[in-house]
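Trainee: Sequence and predicted model, in that order:
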Amino acid sequence: MQEILGMHMQGCDSQTAVSILGQAVLKSARIIEYASDFPFAVGVHISCVPNQEVTRTGMAYAFTALPDTKNSYPITIYENDVTTAESMAWRAQYPEYNNSNLETQGVLNVQGEGFVFVSKSHPVIDLLRANKDVLNADIDTQPLIDDQWLKVTKQVMSTCCSQIKTKVLNKVGTCDLSNVSVQISRLDGPWKQMLENDALFKSIPEHLTVSADQPQEEAEILLWEKEQKRKREEFTATYHAILNKQRSFCVRFELEFDLIPQVLP
């Protein structure tokens, strides 16, 4: 792991390393090669990659693979926003803040009041400070409570948080690389469902799916019924063999990411 994380791993224990990977910034994802011997198309979820390929049914996947396909031509399935460098600089300054805790971390809510107390190190305070001329208000003129807290109206807090999320956090795209997983799904239905004219049904030999007309002669009818019974038995055996056949999907992919610097104790 130290070879993967490089300088970020120096002096890290395993718990810290997992924490660092849990806040990685994904820059790009590329499929190096994949192979599928499923007779139908499959959709692939990669836990750390946004699902940007949408099917006609509205399902979204990191990418999809055609039936019985081998592909060794690299495919880029995700690239981060061009503002990643700017966003990473923001992350380096505020590593503890993300989309889910921006409005709660370093914020004291006051029930029944139209304001909250915000830590002086919160990014909203720096945003207000940087825009004091536009707002015609200087946050630094406000009294500092307990050398830590500044009073900000809830409306201003909400507006600032929305701006930070839109302009920065939504473009950073942090993801958890400490536990990467891959999951595949059948595109057109459940794994073991066979409907007429679907991909699985078409893999049944045609002579088992086409019915012959019943003859008129009594002697021929007996032979026809015997043949129909044999075909039904063969169809049932083939049906179960197709549904229960072991198949495989293999994929090799490459992730380019940045790690947010953390101050180690």
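Mentor: Cool, got the structure. Numbering: from 1, shown residues only.

Trainee: tell me the contacts of A41?
Mentor: Applying Cβ atoms under 8 Å, 6 or more residues apart in numbering to A41 gives the contacts 64-67, 186-188, 199. Backbone N, C-alpha and C define where each C-beta goes, glycine included.

Trainee: What does the residue nearest to it when sequence neighbours are not counted show for phi and psi?
Mentor: What sits nearest to A41 in space, not counting adjacent residues and going by Cβ to Cβ, 6 or more residues apart in numbering, is L187, at 4.5 Å. Comment: the main-chain dihedrals of L187 come out as phi -70, psi -40, following degrees, to the nearest 10.

Trainee: try D188
Mentor: Comment: the main-chain dihedrals of D188 come out as phi -110, psi 20, following degrees, to the nearest 10.

Trainee: and stretch 129-144, how far apart are its ends?
Mentor: 14 Å (Cα to Cα, to the nearest Å).

Trainee: List the buried residues of it.
Mentor: Along stretch 129-144, these residues count as buried under the neighbour rule (16 or more other Cβ atoms under 10 Å): I139.

Trainee: Please apply the same query to stretch 37-57.
Mentor: Result for stretch 37-57 [16+ other Cβ under 10 Å]: buried residues 38-46, 48-49, 51.

Trainee: could you pull out the helices for this protein?
Mentor: Here the chain has its helices, by DSSP state H, at 2-5, 14-22, 84-93, 123-130, 132-135, 154-164, 170-172, 199-202, 218-244.

Trainee: so which of the ones you listed gets nearest V107?
Mentor: With respect to V107, and counting by Cβ to Cβ, the nearest of those is helix 154-164 at 7.4 Å.

Trainee: shaky segments in this protein?
Mentor: Per-residue confidence of the chain (counting by pLDDT under 70) places the weak regions at 1-12, 81-88, 170, 172-173, 260-265.

Trainee: ok, Y34 to Y73 distance?
Mentor: 10 Å (Cβ to Cβ, to the nearest Å).

Trainee: should've said V25
Mentor: V25 is 27 Å from Y73, where distance means Cβ to Cβ.

Trainee: Which one's more surrounded, those two?
Mentor: Between V25 and Y73, counted using other Cβ atoms under 10 Å, V25 has the larger neighbour count: 20 against 7.

Trainee: what's across from the more buried one in the sheet?
Mentor: Taking DSSP bridges as the rule, V25 bridges to T174, D258.
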